[in-house]
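Novice: Pasting a predicted model and its sequence here:
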Amino acid sequence: MPGSGKSLIGQKLSLMLDCKFVDTDEMVREVYGRSSEEIILDDGEVFFRNCEHQILLKLLPTEGHIISTGGGMPVFNDHLSLMKENGIVVYLRYEVSSLWPRLLKDRTRPLSDTKEKTELLFSKRRDFYEKAHIIYDAEEDFRKNIKGIVKQIKTRFPGEIESLT
């Protein structure tokens, strides 16, 4: 979900794992010259989801990367299946009551700029998110989140990150 800390946690995990970090929202900005929010406002969500689709297709052949996707990425164009076939998908689970105070400070997100929109967004996306390989009940302390995620990956996918302590 927006505001869950996907980018920050992804960046820290990539440093810890000594691998490349990719943020699909940043790739959208690089490729299309506008932010995700600008594209949604100017051209609509359908156009934006097609942009995301092109980004995901470019990323699928890559290995050994931590990829932070936009919160809607797994919901559209069968992306969740593609993501699960090509990597380990982690869902950072928060309740809307925890996310909303974070989003309240960020007025640039047109799909979650009110508490009502955020609740509706969460209700539409939850079933998709719950199909991730790993569902991690996130906390406010991102260091605990990183350690917990690594522990779950090592448990569920032994050998994938065996070099970590």
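Specialist: That came through, no problem.
Novice: pLDDT wise, what is His65 at?
Specialist: Turning to His65, the model gives it a pLDDT of 90.
Novice: I figured it was touching Ile88, is that so?
Specialist: No. Assessed by CB atoms under 8 Å, His65 is found out of contact with Ile88, at 11.3 Å. For every residue, glycine as well, the C-beta is placed using N, CA and C.
Novice: Between those two, point out the one with more neighbours.
Specialist: Each of His65 and Ile88 has its neighbours counted (other CB atoms under 10 Å); Ile88 has more, 17 against 14.
Novice: Three-state assignment for the more buried one, please.
Specialist: When classified by DSSP: H, G, I helix; E, B strand; the rest coil, Ile88 comes out as coil.
Novice: residue contacts, it?
Specialist: Counting by CB atoms under 8 Å, 6 or more residues apart in numbering, Ile88 touches His133, Ile134, Ile153, Phe157, Glu160.
Novice: what do His65 and Ile88 both touch?
Specialist: With CB under 8 Å, 6+ apart, His65 and Ile88 have no common neighbours.
Novice: ok so, going back, now, which of the contacts of Ile88 sits nearest Lys20?
Specialist: Each of those was checked against Lys20 using CB to CB; the closest is Glu160, at 15.8 Å.
Novice: List the contacts of the closest one.
Specialist: Counting by CB under 8 Å, 6+ apart, Glu160 has contacts Ile88, Ile153, Lys154.
Novice: Over to Met83?
Specialist: Leu56, Thr69, Met73, Pro74, Val89.
Novice: Dump those residues into TSV; add distance to Met16 and neighbour count as well.
Specialist: Below are the contacts of Met83 laid out as TSV (distance: CB to CB, whole Å; neighbours: other CB atoms under 10 Å):
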residue	distance to Met16	neighbour count
Leu56	24	21
Thr69	19	23
Met73	23	22
Pro74	23	23
Val89	18	19
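Novice: Just the ones of the contacts of Ile88 in strands?
Specialist: Ile134 (DSSP state E).
Novice: Apply the buried test to the contacts of Ile88 and list what passes.
Specialist: With burial judged by 16 or more other CB atoms under 10 Å, the buried subset of the contacts of Ile88 is Ile134, Ile153.
Novice: thought Glu52 was touching Phe76?
Specialist: Yes. Glu52 lies in contact with Phe76 (CB under 8 Å); the separation is 7.2 Å.
Novice: any idea of the mean pLDDT for stretch 114-125?
Specialist: 89.
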